[in-house]
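> with the input below, show me the fold.
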Amino acid sequence: MASWVDRLVEASFKAAPEGYVFQSPSPWLLRPHYYLVNDAQKAVIGEFIRKRARFGVVCGIVAVVGVLTLITVTLVFFGQYFGPFSTWLLAMAFYVPLMFAPHIYYIRLLRPIIRDLPTTDQRFTIACS
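Got it, this is the predicted structure:
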């Protein structure tokens with residue numbers, strides 16, 4: 001059985017007569033971009049997807065532990081100065097950048113590779129089964 005990372009990699013590509021259609025995420029999280037890739041490019045991009053997935057798990061764990069620690073410390077030691085709402089805002093100021101870090105990392109890794117790839121009108125949605 002393939003791991004969740006391998007299934008994620010396979011879900012990012014769709015077979016096409018010219019090779020594969022790769023769905024690259026948009027830098028602004030709005031609309032994905034689609035590129036035609038060959039087997040060698042698919043292998044390189046697949047490694048970047050694996051790196052991003054691992055980095056995303058680490059960032060998620062750090063974000064959850066950091067937010068819980070930040071909320072606890074703020075409410076226990078500085079509760080007289082901060083209310084629940086301002087504590088929540090402080091926690092989100094810590095959490096949100098850590099959630100976008102894997103996406104920015106992934107886009108920057110992919111940029112040199114997808115710069116010269118031909119785009120395509122073929123569309124698909126990513127679905128892991």
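> got the buried residues for stretch 100-111?
101, 102, 103, 105, 106, 107, 109, 110 (16 or more other C-beta atoms under 10 Å). C-beta here means a position set from N, CA and C on the backbone, and glycine is covered the same way.
> swap in stretch 55-73?
Buried-residue list, stretch 55-73, by 16+ other C-beta under 10 Å: 55, 56, 59, 63, 67, 70, 71.
> by contact count, what packs against the top helix by length along the chain?
As assigned by DSSP state H, the longest helix anywhere in the chain is helix 39-78. Counting contacts by 3 or more C-beta pairs under 8 Å, 6 or more residues apart in numbering; DSSP states H and E, helix 39-78 is packed against helix 4-11, strand 19-24, helix 84-114.
> tell me what the second one is packed against?
For strand 19-24, the contact count by 3+ C-beta pairs under 8 Å, 6+ apart identifies strand 13-16, strand 33-37, helix 39-78, helix 84-114 as packing neighbours.
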